[in-house]
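Chemist: Take a look and give me a structure for this.
(chains A, B, C and D)
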2 protein chains.
Amino acid sequence: MNAPQLTRNQSLVFDVLEKAEGPLSAYTILDKLRDQGFRAPLQVYRALEKLLEYGVVHRLESINSFVACAHPGEDCHSHGIVAFAICESCGQVIEFHDHEVDHRLMGWVRSQKFKPAKTTIEIRGTCEACAA
Amino acid sequence: MNAPQLTRNQSLVFDVLEKAEGPLSAYTILDKLRDQGFRAPLQVYRALEKLLEYGVVHRLESINSFVACAHPGEDCHSHGIVAFAICESCGQVIEFHDHEVDHRLMGWVRSQKFKPAKTTIEIRGTCEACAA
DNA sequence: ATTGCACACGTTATAGCATAACGCAATTGA
DNA sequence: TCAATTGCGTTATGCTATAACGTGTGCAAT
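Modeler: As a prediction, the model looks like this:
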C-alpha cells in the first residue's frame, strides 16, 4: 500500500519520528506533541496504525518503539522482510533487507504449511560508535 | 549456561509453561499459580528471568509472552539463533534453527561493526490446522 | 563462631504500554 | 437525502514490567 495524503495527526507523528535520531515510544511521541494539541495516547496510536499500514513507519517489537522507515518515499513493504540492528546504548537503528534470509525463512514456513503474515527480525546489541 | 537445580518458584513457573499448549503472558502464569501462593507479578518475572538465562524458556517479544523451549534438557542458547512461527489463531508456536540464516544475519552485523547481543526472529501468521 | 556476601523471596507501589467504548464531525457515494 | 466510512477527541480501563524496600537462608572466609 502506498501512502495517501496524510492527515494532520498522521503528519505530526510522522514528522516527530523522522526528526528523531532513533526509535521513540508512543508516549514519548505524545509528549513531543502536547504543544500541538495532543492529549491522549490514542491520538498517537491511531496515527501510528495508519503509518505502519502505509509502510512509512516500523514498529520495533522488542523495545516497544517506532521508527521512521529508512527509505523515504518508498513503501518498505515492497522490500520484503526487514531486519533491524538496534543499539541498546545510543538507540540508533540500522535497517537491512536480505533476500536470502527472506527466502530461507519463507521456505521453512512453507514446509510447515504455515502462512506468514508479519515477520520480525531484530538484533539488539552495540553499534560501532558505542562499542567502547 | 546450563540449568542448575531450579528453585520452587522457578519450577512452578516452568511447569506451567511446559504444560501449556502455547505461550503464556506473565500475568496468565501468575493467575495459574495463585493457588500455589503466588501473589505478585515479580514472583513470576523473577523466575522467568532465570529460566530465560538458563535457556529453558523463550520470550516472544512480539506477543509479550513466554514459552518453554522445544528441546527439553538442552540449552537452546547453544543452537544459535532461534526463529519462531507463532499462530495468531491458536497460539501454537513452532521453533526453528537455521544456520544459514544465522550466518547471513551475523555476516551483516559484522559488516556494520555491530556487536549483537540478542536476536529475535518471530513470524506471526496462521498454522496449518488453523488455515481454514 | 561470627561476619559478610550472594541469592531467592515477599510486598507495596509505581511506571510504561496499549486499547475499549462512547460520541461527534466531515466526506463520499448511492 | 441517507447510509457508510473515516478521522478525531475524551474518558476510562486493562495489560506489561520494574523500582525499592525488607526478610530469611546458606555458605565461605577469617
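
Chemist: So which residues of chain A form strands?
Modeler: Secondary structure of chain A by DSSP state E: the strands cover A:57-60, A:65-68, A:82-87, A:93-97, A:115-126.

Chemist: got those strands as a markdown table, with mean neighbour count and distance to chain B columns?
Modeler: (Glycine included, C-beta is placed from N, CA and C.) Shown next, in a markdown table, are the strands of chain A (neighbours: other CB atoms under 10 Å in any protein chain shown; distance: least, CB to the nearest CB, whole Å):
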| stretch | mean neighbour count | distance to chain B |
| --- | --- | --- |
| strand A:57-60 | 22 | 9 |
| strand A:65-68 | 22 | 12 |
| strand A:82-87 | 23 | 5 |
| strand A:93-97 | 18 | 6 |
| strand A:115-126 | 19 | 4 |
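
Chemist: Would you mind putting those strands into a markdown table with mean pLDDT alongside?
Modeler: Converted to a markdown table, the strands of chain A look like this (pLDDT from 0 to 100):
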| stretch | mean pLDDT |
| --- | --- |
| strand A:57-60 | 96 |
| strand A:65-68 | 97 |
| strand A:82-87 | 96 |
| strand A:93-97 | 94 |
| strand A:115-126 | 96 |
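
Chemist: Could you double-check that residue A:32 lies in contact with residue A:19?
Modeler: No - using CB atoms under 8 Å, residue A:32 is not in contact with residue A:19; the gap is 9.2 Å.

Chemist: and the most centrally placed residue in chain A, how far is that from residue A:120?
Modeler: Using CA atoms, centre = their mean, the residue of chain A that lies closest to the mean C-alpha position is residue A:58, 1.4 Å off. The gap separating residue A:58 from residue A:120 is 10 Å, by CB to CB, to the nearest Å.

Chemist: cool, residue A:50 as well?
Modeler: For residue A:50 relative to residue A:120 (CB to CB), the value is 20 Å.

Chemist: same question, residue A:79
Modeler: Distance, residue A:79 to residue A:120, using CB to CB: 15 Å.

Chemist: again with residue A:28
Modeler: For residue A:28, the distance to residue A:120 (CB to CB) stands at 21 Å.

Chemist: hang on, the earlier thing: tell me which of residue A:32 and residue A:19 has more neighbours.
Modeler: residue A:32 (19 against 9; other CB atoms under 10 Å in any protein chain shown).

Chemist: Leaving out sequence neighbours, find the closest residue to the more buried one.
Modeler: Spatially, and ignoring its direct neighbours in sequence, residue A:32 is nearest to residue A:16 (5.1 Å; CB to CB, 6 or more residues apart in numbering or on different chains).

Chemist: show me the contacts for that neighbour.
Modeler: By CB atoms under 8 Å, 6 or more residues apart in numbering or on different chains, residue A:16 lies in contact with A:24, A:29, A:32, A:33.

Chemist: how about TSV for those, with distance to residue B:12 and pLDDT added?
Modeler: As requested, the contacts of residue A:16 are exported to TSV (distance: CB to CB, whole Å; pLDDT from 0 to 100):
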residue	distance to residue B:12	pLDDT
A:24	38	97
A:29	39	98
A:32	43	96
A:33	44	97
